[in-house]
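Peer 1: Below is the structure, and that's it, no one-letter string:
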Ligand code: UGA
């Protein structure tokens, strides 16, 4: 919405949320504690906030004065009831649609921005149509159009992705509504990149795009294990296969498994949809992308334990990076979280560092593991890296933050307890920088290294 406000100064954009704390943070004077860390976002908000971009908790007033409403609430995987563990929970989408139905004035275009299962627009339409029926009876002139325009930005590169997208999708039937939304996008996106589809194609394209991207990561991670077994080198294999234009170079980096709030949730959703439509083989096919991802995380945690001859009890292990990727403070579904949990379950003592993830949230997420049976702390979060490495037995790099690429390995080696290990799950280190200081190095997919 900040990017829309930037390119459309004549449009007033109001971001509303029922969570006052969040809205207060977006409105905070200093801009130091914005709820989301995203390169370039702070600077953008600084320029346009309270000019044509507003943050408010007055949901009703914002709906009343809006010509267009973007429903951008989260749609997490259901944890109970029908479809638990697979289907998306649409209660916030429905609640938002009900609010729009209740408070809108005149004609309102409702744009589904949240990632949703196919045919969710139907749910929104049903809520809005039943309001239209009531309006007819009450002789009120309130009408609605529903469009789907899913978002394809990735965290960490959000502004760049929004400013220069490969495409945007607008799905729907109402020509007037479609033209209103495309006029907004056309302010900065070439028309040929704006794809018009029907509602269901638009919704399904979003899930499918994420499933295909995630599938590439599971594919390359599966080959990383084969590289380690055979002596091949995953980065060489990635380059060799990615140079074929039909495969392409992007999204072929082996790692500890994909994380984030999108891939797993969207694939589970796709799996649920396929099962619903009786396509069990298709469902199994996509579910295996997730199975392989879980396997990669577990395999890495297990091999760390194995390198210590089967036990890491009371070993001090430094975790570098907790976010699901670099340049974000988001650690939802991050492999760092899962691998840390696995190491804690094996009795290791962890020191966790991340430049952007809040330590309060890490403490909450790993809360169950705070103390061992002797009431001793089992993990701590630390900003001071030189203290973190003191007497450490191992370092595990789990997020590819730039500052982890420039560490002083000579100094670190002198601080660590030997034999000392570094596990580079993102393959960002140079073997020659590490090994000369007597540290043992394991890199994902590197069959020559150990
Ligand atoms: C993903 C998609 O890339 C976006 O197009 C989509 O809009 C977004 O989900 C969404 O549905 O909202 P995001 O999850 O923010 O974006 O981040 P990605 O860059 O896709 O990374 C996902 C995970 O895959 C990260 O854990 C990352 O480290 C991992 N990854 C990515 C790899 O392990 N290797 C790669 O080559 C690329």
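Peer 2: Sure thing, it's come through. Because the structure is a prediction, the values reported are computed rather than measured.
Peer 1: would you list every one of the strands in the protein?
Peer 2: Ranges of strands within the chain are 13-16, 53-56, 68-71, 107-112, 143-148, 168-171, 194-197, 316-320, 349-353, 379-381, 394-397, 420-424, 439-443, based on DSSP state E.
Peer 1: Deepest-packed of these, please.
Peer 2: The highest average neighbour count among those, using mean count of other Cβ atoms under 10 Å, belongs to strand 394-397 at a mean of 26. Where C-beta positions appear, they are placed from N, C-alpha and C, glycine not excepted.
Peer 1: give me every residue that touches residue 241.
Peer 2: Residue 241 sits next to 247, 252 when contact means Cβ atoms under 8 Å, 6 or more residues apart in numbering.
Peer 1: What's the per-residue pLDDT of the closest residue to residue 242 other than its chain neighbours here?
Peer 2: Closest residue to residue 242 apart from its sequence neighbours, by Cβ to Cβ, 6 or more residues apart in numbering: residue 249 at 3.7 Å. Note on residue 249: pLDDT of 96.
Peer 1: do the same with residue 328
Peer 2: Here the pLDDT value assigned to residue 328 is 96.
Peer 1: isn't it right next to residue 155, touching?
Peer 2: Yes - Residue 328 is in contact with residue 155 according to Cβ atoms under 8 Å; the separation is 4.3 Å.
Peer 1: anything in contact with each of the two?
Peer 2: Common neighbours of residue 328 and residue 155 (Cβ under 8 Å, 6+ apart) are residue 38.
Peer 1: Near the ligand, which residues of the stretch 101-250 of the chain are found?
Peer 2: Contact residues (Cβ under 6 Å from any ligand atom) of the stretch 101-250 of the chain with the ligand: 115, 151-155, 210, 213, 217.
Peer 1: Give the ChimeraX command for selecting the buried subset of those residues.
Peer 2: Command for ChimeraX, covering only those of those found buried under the criterion 16 or more other Cβ atoms under 10 Å:
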select :115,151,152,155,210,213,217
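Peer 1: What are the buried residues along stretch 81-101?
Peer 2: 83, 86-90, 92-94, 96-97, 99-101.
Peer 1: got the domain boundaries for the chain?
Peer 2: 2-202, 203-450 (automatic domain parsing).
Peer 1: Mean neighbour count, these: which tops it?
Peer 2: Highest mean neighbour count of these: domain 203-450, a mean of 18 (counted as mean count of other Cβ under 10 Å).
Peer 1: Next up, the contacts around the closest residue to residue 214 other than its chain neighbours.
Peer 2: Excluding the flanking residues, the one nearest residue 214 by Cβ to Cβ, 6+ apart is residue 263, at 4.0 Å. Contacts for residue 263 (Cβ under 8 Å, 6+ apart) come out as 210-211, 213-214, 217, 293, 333.
Peer 1: so how far is the ligand from residue 263?
Peer 2: Distance of residue 263 to the ligand, given as Cβ to the nearest ligand atom, to the nearest Å: 6 Å.
Peer 1: Against residue 290, how distant is that residue?
Peer 2: Noted for residue 263: a distance of 8 Å to residue 290, by Cβ to Cβ, to the nearest Å.
Peer 1: starting at the chain centroid, how far to whichever helix in the chain runs longest?
Peer 2: When the chain is parsed with DSSP state H, its longest helix is helix 199-230. Averaging C-alpha positions (Cα atoms, centre = their mean, to the nearest Å) puts helix 199-230 14 Å from its chain's average.
Peer 1: what does stretch 83-103 give?
Peer 2: 20 Å.
Peer 1: can you check stretch 176-195 too?
Peer 2: With Cα atoms, centre = their mean as the basis, stretch 176-195 stands 26 Å off its chain's centre.
Peer 1: Mind checking the pLDDT average for that stretch?
Peer 2: 98.
Peer 1: which residues of this protein score low on pLDDT?
Peer 2: 373-375, 448-450 (pLDDT under 70).
Peer 1: Quick test: name the residue nearest the centre of it.
Peer 2: Centroid-nearest residue in the chain, with Cα atoms, centre = their mean: residue 260, separated by 3.0 Å.
Peer 1: what sits against that residue?
Peer 2: Neighbouring residues of residue 260 by Cβ under 8 Å, 6+ apart: 155, 324-325, 330, 332-334.
Peer 1: switch to 6 Å and redo it
Peer 2: If a contact means Cβ atoms under 6 Å, 6 or more residues apart in numbering, then residue 260 has 324, 333 as its contacts.
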